[in-house]
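In: structure here, sequence nowhere to be found:
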């Protein structure tokens with residue numbers, strides 16, 4: 001199979017994988033043990049190995065179980081299409097950039113990546129495109145994926161989500177909003193809170209470490225006790 005044909009097929013497959021993980025992440029909350037993960041799998045018939053390798057590189061932080069479902073959805077899609085999925089993650093900007101570059105250097109056939117740290121990962125993403133590796137963004141990067149030259153984006157509009165929350169708080173007669181950013185520097189979370197403030201100006205952001213639940217609870221409790229407005 002020529003590189004062009006492999007790239008075209010890989011592009012279609014990473015789109016399928018991203019759609020599966022998008023469906024998976026939209027479920028919300030924990031699934032029951034007897035409920036299959038979104039995206040297929042289970043008793044699906046075995047498929048022929050395509051020999052294609054797709055790398056998925058995220059900004060997952062240690063202990064964040066949200067990403068367990070994302071990875072499960074992507075793996076189910078990869079299994080369904082006979083693709084090898086190579087998942088890696090780093091919640092530091094430089095670390096994620098290195099993982100993306102490592103995937104490019106290893107000659108993967110496709111790339112799915114989160115754009116939480118846009119400028120930090122941009123050179124590595126560009127390296128993938130320069131190498132003819134089809135790539136998509138998901139979860140974060142809705143405002144930047146086209147500029148980066150990526151094929152597709154899968155995820156929600158966080159600004160719109162924030163606007164909707166702010167409008168609802170206005171309707172409910174709320175006094176003040178405290179918008180929690182559990183991953184400092186996250187483009188999507190910053191956009192969400194900015195969206196809340198657009199439609200509900202009396203909004204204050206608070207940064208916490210989402211991987212430290214006791215610390216997060218303590219910080220929020222202290223803030224609520226300090227500001228009861």
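Out: Right, received. Where do you want to start? Nothing here was measured: the structure is a model prediction, and the numbers come from that model.

In: hey, let's count contacts and neighbours off CA atoms from now on
Out: Fine.

In: now residue 111, what's its secondary structure?
Out: Assigned by DSSP: H, G, I helix; E, B strand; the rest coil, the conformation of residue 111 is strand.

In: burial count for it?
Out: Look at residue 111: counted by other Cα atoms under 10 Å, it has 28 neighbours.

In: list the contacts of it.
Out: 14, 54-57, 128, 133-136 (Cα atoms under 8 Å, 6 or more residues apart in numbering).

In: dump the residue contacts of the residue most central in space within the chain.
Out: Closest to where the C-alpha atoms of the chain average out (Cα atoms, centre = their mean) is residue 139, at 2.9 Å. By Cα under 8 Å, 6+ apart, residue 139 lies in contact with 114-115, 154-156.

In: then residue 197?
Out: Residue 197 makes contact with 162-163, 166, 203 under the criterion Cα under 8 Å, 6+ apart.

In: mind putting these into TSV with distance to residue 86, neighbour count and secondary structure?
Out: Below are these laid out as TSV (distance: Cα to Cα, whole Å; neighbours: other Cα atoms under 10 Å; DSSP: H, G, I helix; E, B strand; the rest coil):
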residue	distance to residue 86	neighbour count	secondary structure
162	33	24	helix
163	36	21	helix
166	39	25	helix
203	40	18	strand
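
In: just give me the closest of these to residue 220.
Out: Here the nearest of the contacts of residue 197 to residue 220, counting by Cα to Cα, is residue 203; it sits at 14.7 Å.

In: does the closest one touch residue 177 like I think?
Out: Yes - with contact defined as Cα atoms under 8 Å, residue 203 and residue 177 form a contacting pair (4.5 Å).

In: where are the low-confidence patches of this structure?
Out: The chain contains residues with pLDDT under 70 at 1-46, 228-229.

In: now do 80
Out: 1-48, 63, 184-186, 210-211, 227-229 (pLDDT under 80).

In: what are the ranges of the helices in it?
Out: Along the chain, counting by DSSP state H, helices occupy 3-25, 66-81, 93-105, 118-130, 145-148, 158-171, 187-199, 213-226.

In: need these in TSV with distance to residue 47, can you?
Out: TSV is the format used below for these (distance: least, Cα to Cα, whole Å):
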stretch	distance to residue 47
helix 3-25	14
helix 66-81	7
helix 93-105	25
helix 118-130	28
helix 145-148	32
helix 158-171	37
helix 187-199	36
helix 213-226	41
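
In: for residue 181, find the nearest of those.
Out: Between residue 181 and the helices of the chain, the shortest separation by Cα to Cα is 6.0 Å, and it involves helix 187-199.

In: chain center to the closest one, what's the gap?
Out: 17 Å (Cα atoms, centre = their mean, to the nearest Å).

In: so that helix versus helix 118-130, what angle?
Out: Helix 187-199 and helix 118-130 are oriented at 130 degrees to each other (axes from the mean of the first three to the mean of the last three Cα atoms, to 10 degrees).

In: can you give me the angle helix 187-199 makes with helix 158-171?
Out: For helix 187-199 against helix 158-171, the angle by the same axes, to 10 degrees is 40 degrees.

In: and the contacts of residue 111, which is closest to residue 97?
Out: Of the contacts of residue 111, the one sitting nearest to residue 97 (Cα to Cα) turns out to be residue 57, at 9.0 Å.

In: burial measure for that closest one, as a count.
Out: Residue 57: 23 surrounding residues under other Cα under 10 Å.

In: do residue 184 as well
Out: The number of residues packed near residue 184 is 14, by other Cα under 10 Å.
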